[in-house]
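**Q** coordinates only, no sequence provided:
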């Protein structure tokens, strides 16, 4: 059944507003917030406004080609759904709904280590392209097991996240006092949840899904799960040598996620990665880090043809993807936009967001006079649109 409220949502921001009206405020803050003062979170989005696109006319754009190949898989257009954890607190279908929507849209879905659904459940729901995102854990046996399970379940690529050795903290969440792995929320949070009865009615079904699958497995092995569980189970001594070993063990396409500096991108190439995901964890890691779109040109120039470069952070419109490609990215990633869709209307909401982003992407291509992705290069950027390259050269 089509959700009439959803059909009135013209873009991601409209879907965000619908998600806010659907979710209890504590849960909305969990997916919408960033670390500390949320400076990087805001700049991730705002930085796209500094990039101009040059419309080109008098060209036949009746037929365009948007298909591409990233991480060894074919995509209908250059977009990947980013890994995000604990989706079970958002919707009863948790990670299964966006995985299905991505598969139907011909896109790649990325499953988080801290997903509430299991690797195998998502693989069954997603016959299309899929990537498993790995946090390297202190428990080596569990880390190894995750990699082998992803291989056995048919995941096309591995994504190693390396930018959050510690939890930077979300002050919006801290104010609510909610423990993402369980426990009774404080009274004010419970009252806020009661204001969303439709969401609250699903809690009986969500209760088993809101604890990440990996947390359940660690607990079954005797690992104590504390409120600060993230800081206690993630390796803080991870080095490039360790990453090289994981890349070799996977022996397939590997993306290194959390790269902001060109120097680190070159290191990723040196250890055998297929791609780097230029990412500041959506403003959830180091607050004050540069917006990811501002580093794409520098990373692309540094690695040349050695790596695919995937831009992640701040994409809210299809034209943002075009701008990322113009600066040298191979593809872009979205996280919050599809989470808003999931919150608003489950799989239908995710599909709506993906459809709109694709429509906006294709419209922008045509307005820029491009009929193929190869035409989305620096030539489509205006004088102010090259600010990232100018900043890079000024620093040299």
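**A** Right, received. Where do you want to start? As the structure is a prediction and not an experimental result, all values here were calculated from the model.
**Q** what about the chain, any weak spots by pLDDT?
**A** 1-2, 179-183, 203-210, 227, 383-396 (pLDDT under 70).
**Q** mind checking how far the residue of it positioned farthest from its centre is from residue 362?
**A** No residue in the chain sits farther from the centre than residue 58, which is 36.6 Å out by C-alpha atoms, centre = their mean. Computed as C-beta to C-beta, to the nearest Å, the residue 58 to residue 362 distance reads 19 Å. For every residue, glycine as well, the C-beta is placed using N, CA and C.
**Q** now do the strands in the stretch 151-300 of the chain.
**A** Counting by DSSP state E, counting those that start in this stretch, one finds strands in the stretch 151-300 of the chain at the ranges 157-161, 254-259, 275-278.
**Q** closest one to residue 320 among these?
**A** strand 275-278 (13.5 Å; C-beta to C-beta).
**Q** who are the packing partners of the closest one?
**A** Strand 275-278 is packed against strand 254-259, helix 262-270, helix 296-303, strand 308-312, with contacts defined by 3 or more C-beta pairs under 8 Å, 6 or more residues apart in numbering; DSSP states H and E.
**Q** mean neighbour count added to those, as CSV?
**A** What follows is these, written out as CSV (neighbours: other C-beta atoms under 10 Å):
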stretch, mean neighbour count
strand 254-259, 26
helix 262-270, 19
helix 296-303, 23
strand 308-312, 26
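**Q** what's the local residue count around residue 354?
**A** For residue 354, the number of neighbouring residues by other C-beta atoms under 10 Å comes to 25.
**Q** thought it was touching residue 107?
**A** Yes - between residue 354 and residue 107 there is a contact under C-beta atoms under 8 Å: 6.7 Å.
**Q** between these two, which contacts overlap?
**A** residue 79 (C-beta atoms under 8 Å, 6 or more residues apart in numbering).
**Q** ok now the lengthiest helix in the chain, how far from the chain's centre?
**A** The single longest helix within the chain, with elements called by DSSP state H, is helix 336-367. For helix 336-367, the separation from the chain centroid amounts to 14 Å (computed by C-alpha atoms, centre = their mean, to the nearest Å).
**Q** show me which residues of it are buried.
**A** 336-354, 356-358, 360-362, 364-367 (16 or more other C-beta atoms under 10 Å).
**Q** and for stretch 148-162?
**A** Within stretch 148-162, judged by 16+ other C-beta under 10 Å, the buried ones are 150-151, 153, 155-162.
**Q** can you tell me the distance between the two ends of stretch 284-299?
**A** 21 Å (C-alpha to C-alpha, to the nearest Å).
**Q** what's the burial count for the closest residue to residue 379 other than its chain neighbours?
**A** Among residues not flanking residue 379 along the chain, residue 54 sits closest, at 7.7 Å (C-beta to C-beta, 6 or more residues apart in numbering). Residue 54 is flanked by 14 other residues according to other C-beta under 10 Å.
**Q** isn't residue 54 right up against residue 370?
**A** No - Residue 54 lies out of contact with residue 370 (C-beta under 8 Å); the separation is 10.9 Å.
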